[in-house]
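>>> could you work out the structure for the sequence below:
(chains A and B, ligands or ions: 1)
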Amino acid sequence: MRKKVYLVGGYNTISMGTGRKEFSPKKERPGLEEYIREAGQGVLKQIGGAANVDECVIGNFIASRFNKQANMAGFFPYIDEGLTFKPCTRVEGACGTGALAVLTGIKSVLAETADVVLVVGVEVQNTVKAIYGADILAAAGWFKERKDGHAYFFPGKFSDRAGAYYEKFGKEKTRKAMARWYVNAIENARLCPTAQEYHNTTADLLAQGMAEPNPKGFVDNLNVFDCSKVSDGASGIAAVSEEGLKKCGIDKKDAVEIAGFGQVEYDITKPPKDPTKLETTAAGVQKALQMAGITKDQLATVECHDCFSIAGIMAVEAIGFAAHGEGPDFVSAGHTARGGKIPFNTTGGLMGWGHPTGGTGVHQAVTIWEQMTDRAGKAQIEIPKDKPFGLSINMGGDDKTLGVMVYKKI
Amino acid sequence: MNYSERLQNVTVLGAAGKMGSGILLLTAMEMADLSLKPENKGKEYVLYALDISQKALAGLMKYIQGQVLKAAEKKAVALRKVYADRKDLIENCEIIDQYVKDVMNIIRPVTTLESAYESLIVFEAASENPDLKVKIFSQIEKNNQNKPWFFTNTSSIPIGYLDKEAGLGGRVLGVHFYNPPAVQRLVEVIKASATLPELSEFVSQFIKNLRKVEVPANDFAGFIGNGHFMRDALHGMAEVGKLSKEMPFVDAVYIVNKISQDLLIRPMGIFQLIDYVGIDVCQYIMKVMAPHVKDEKIHSPLLDQFMELGVKGGQHSDGSQKDGFLKYEKGRPVGIYDPDKKAYVAIADIAAKCDALIGPMPEGFLPWKSAVGHPAKDDFFKKYFMALKVMDSLGAKLARDYAIRSKAIGLKLVSDQVAFSEKDVNTVLLTGFFHAYGPINDYLN
Ligand SMILES: NC(=O)c1ccc[n+]([C@@H]2O[C@H](COP(=O)([O-])OP(=O)(O)OC[C@H]3O[C@@H](n4cnc5c(N)ncnc54)[C@H](O)[C@@H]3O)[C@@H](O)[C@H]2O)c1
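Below you'll find the predicted structure:
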């Protein structure tokens, strides 16, 4: 890092959707603007107000279809009049949008065009039924493949990956690990009041996670518990320089430092070389760790992109915690649970906390910031002194657009 | 003529009614699915939605379109394969829209009987009136050169009677869907003595394709479902008659309704079920059944009394429950009709004292909703009825008598050869009435 950059003032709205008690598909719900405003104001309150903000970045995947809304940058002055006439940018990288938004903020600070950048990520997806949402989310893939794809396009993609993985490394152990991943996700989400699965009271999660996939109604190799849900939500955080911290009057111990990042891309028109691996993810992680000058063993926690349980397991391998084919064993042994060797997704991740696509990368950053500043409440884990680092992986499309960040506890 | 050819020209009679609309929906989708098969490309499929009410037909088309849309959304995975060769249809929304259009394109809403003169199949779900059905059938039979097959949804008229009166030469079969046909999985199939075997074969295939459960019944007024239900209802009303000697009528209705729902762990109490079906419909079905049942009296003065008072139950056109024995708010019973006062008494005012009379719930009680999906259901009910058996509260006594009567009704349906097996009786109650256990069981032995 050419310059020290910090994240401060994180804020998450509730991840709204099925599972939340207050959610009913028939009831009217807050729209995009309410989520953006709540998250934006949540950050502004912690950083001394809009006057301190130099730039704004909003991450949103596809409001143009879910909400018939584009020109998203225009919502910043709506958050707070004080943001009128400030430079505002919208970024997009499918489900990897959120990390791109945070990274764009970080880069503005690095480029010294800003000391304080307000970053918001948002998606409001419950406006359409899941079967139509699948059409919209398919835009994260190459449209020319849509016709031959599954009705549930992305679940279809990761079902194919899961199928390839079963074939190569054994179905039984993999399915067990996927169910275990689900259990961890829900158990963590139960500790976080904003999580979509916060109200989940299912007694036997493991049995539920083991349900046989139903190819007739859904995809071949995944059941619905292997998938993240449809979510509405927004998250916000500020990327600031040393001067920015001072300007906002924020103590360093209330900030987390960005130690490095890896932003990488893969050809959207090409299938993965090996469907049992997340190679772009691996490349991004390597780059980020290298930039931070650390190894995976110095990580205290990871937020990974578990849009599907199988993606979580493959991420474990991509980081190098387990060899290719041994991710399931690592997960089944409990190493990724909150009490395990390396706690993953401590507030539930995409499967437990929720996946408002364009907001997810920001939510991951907020979660790590919370963990590193002792704000995670019941979900708080211990960050050992000799392992002061955290990692977040945000993935757009089928391992295409990757934003990886390494965070350091101060 | 094979299965798919037979379905190329169909009429649903009474298409705008409660049953007709559901049958139309199911048939339209089955026909559309056939028409979309590669081997049927270019063949014409026509489905006449025939009803006398022009206004109801307009509403019907709206209803069908909404329902097809929902069904298409549910089967989008399969539809992508059906339309795989349509390069212009890429997204789910495009495929779903096309399917809705393809289904709607098959349906022709009509008000004149002439349309049925070219059909190969006539699904009849017109009002339950023997003269009407006979008249329509003979008229179609006279004018239709295709020797059409008649499938009637009648709940109570013997199929053999229709066959004979309308001169259909065995080309008639009872295909008794349950209400609402789109949701209910049970279909009772009733052969008359002269019914041609081809009709049953076709219908078996049809029911299988609709993923429904077929139960054969003998051609005996009421068949299995109503044969059981009407007697079950008569028992409940008789119990009210006895109890009313010692307590107000509304209290007795409350108690019998409650024990038939809660203590018997059924989806609804007997009086709610009568209201659901309609007091008028129940009265009518009993009237049609009565002459055919020699050794029992299938008649209820109580139903007659309510009909005279104009209290009929049944459903509003939006599917919500009309008031009958009980008064409903948001689908839940809140009052009970007092025929002397000609007014409803609030349940809240009498529940406490009646519940005290009923007595405690048997140990291990679970409401129907939990019991119906119980992983060890048989064990659960064994234990539950064991507990019920040894209690001597009023509620337990009434519940035991009810269960014993329900079983006896079931067994009689078998010995009278209305049902072909005990299992068939249980299947009808399990799938058609959503009971959690069949009436023919050994739980109280
Ligand atoms: N409602 C139930 O629960 C139920 C269950 C099983 C079977 N059934 C049977 O299904 C049949 C229909 O019952 P429903 O409840 O749907 O009644 P309904 O009154 O809702 O529908 C009857 C329809 O037939 C139409 N109709 C009347 N005379 C006609 C004629 N001459 N030509 C064309 N259409 C005509 C009416 O306009 C009406 O739309 C009856 O035989 C009934 O016994 C009903």
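>>> around the ligand, pick out the residues from chain B.
B:13-14, B:16-20, B:50-53, B:56, B:125-128, B:132, B:136, B:153-155, B:176-179, B:277 (CB under 6 Å from any ligand atom). Where you see a C-beta, it was placed from the backbone N, CA and C, and this is true even at glycine.
>>> which ones among these map onto helices?
B:18-20, B:56, B:132, B:136, B:277 (DSSP state H).
>>> by pLDDT, give me the weakest of those residues.
For those, the weakest pLDDT value sits at residue B:18, with 89.
>>> let me see the contact set for the closest residue to that residue other than its chain neighbours.
Excluding the flanking residues, the one nearest residue B:18 by CB to CB, 6 or more residues apart in numbering or on different chains is residue B:179, at 6.0 Å. Shown in contact with residue B:179 (CB atoms under 8 Å, 6 or more residues apart in numbering or on different chains): B:18-19, B:22, B:277.
>>> if we can go back for a sec, just the buried subset of the residues of chain B next to the ligand, please.
Those of these that meet the buried threshold are B:13-14, B:16-20, B:50-51, B:56, B:125-126, B:128, B:136, B:153-155, B:176-179, B:277, by 16 or more other CB atoms under 10 Å in any protein chain shown.
>>> before we move on, back to that, in the ones in helices among the residues of chain B next to the ligand, find the pair that's most separated.
Greatest spatial distance in these: B:136 and B:277, 23.7 Å, computed using CB to CB.
>>> am I right that residue A:368 falls within a helix?
Yes - Residue A:368 forms part of a helix when assessed by DSSP: H, G, I helix; E, B strand; the rest coil.
>>> for it, what are its contacts?
A:256, A:301, A:303, A:390-392, A:407.
>>> how many neighbours does residue A:4 have?
17 (other CB atoms under 10 Å in any protein chain shown).
>>> got it, and residue A:51?
Neighbours of residue A:51 (other CB under 10 Å): 12.
>>> for it, which residues are in contact?
residue A:82.
>>> in three-state terms, label whatever residue of chain A ends up closest to the ligand for me.
In chain A, the residue found nearest to the ligand is residue A:26; the distance is 27.0 Å by CB to the nearest ligand atom. Following three-state DSSP, we place residue A:26 in the coil state.
>>> next one: it from chain B, what distance?
According to CB to the nearest CB, to the nearest Å, residue A:26 stands 14 Å off from chain B.
>>> hang on, the earlier thing: what's the most distant pair in the contacts of residue B:179?
B:22 and B:277 (15.3 Å).
>>> ok, which stretches of the stretch 151-300 of chain A are helices?
A:153-169, A:171-189, A:205-209, A:242-248, A:279-292 (DSSP state H, counting those that start in this stretch).
>>> next, see if the shortest one gets close to chain B.
In this case it means helix A:205-209. No - for helix A:205-209, no contact with chain B is found by CB under 8 Å from any CB of the partner chain; the gap never falls below 10.6 Å.
>>> show me the contacts for residue 206.
This is for chain A. So residue A:206 contacts A:179-180, A:183 (CB under 8 Å, 6+ apart).
>>> the chain in question should be chain B.
B:3, B:30.
>>> looking at this, it is in a helix?
Yes - the assignment for residue B:206 by three-state DSSP puts it in a helix.
>>> if we can go back for a sec, quick check on the residue of chain A closest to the ligand: phi, psi?
Note on residue A:26: backbone dihedrals following degrees, to the nearest 10 are phi -90, psi -20.
>>> burial check on it, number of neighbours?
4.
>>> which stretches of the chain form strands?
No chain was given, so I picked chain A. Under the criterion DSSP state E, chain A contains strands at A:6-12, A:55-60, A:88-91, A:116-124, A:232-240, A:256-265, A:299-303, A:389-396, A:401-409.
>>> I was after chain B.
Counting by DSSP E, the strands of chain B are B:9-13, B:46-50, B:107-110, B:121-124, B:149-152, B:172-177, B:186-191, B:213-217, B:326-329, B:332-338, B:343-346.
>>> report all helices and strands that the last one contacts.
Identification of packing neighbours for strand B:343-346 by 3 or more CB pairs under 8 Å, 6 or more residues apart in numbering or on different chains; DSSP states H and E yields strand B:332-338.
>>> how about residues contacting the strand it packs on?
B:248-250, B:253-254, B:257, B:269, B:272, B:306, B:311, B:323-328, B:343-348, B:350.
>>> could I get the buried residue list for that strand?
Result for strand B:332-338 [16+ other CB under 10 Å]: buried residues B:333, B:335-337.
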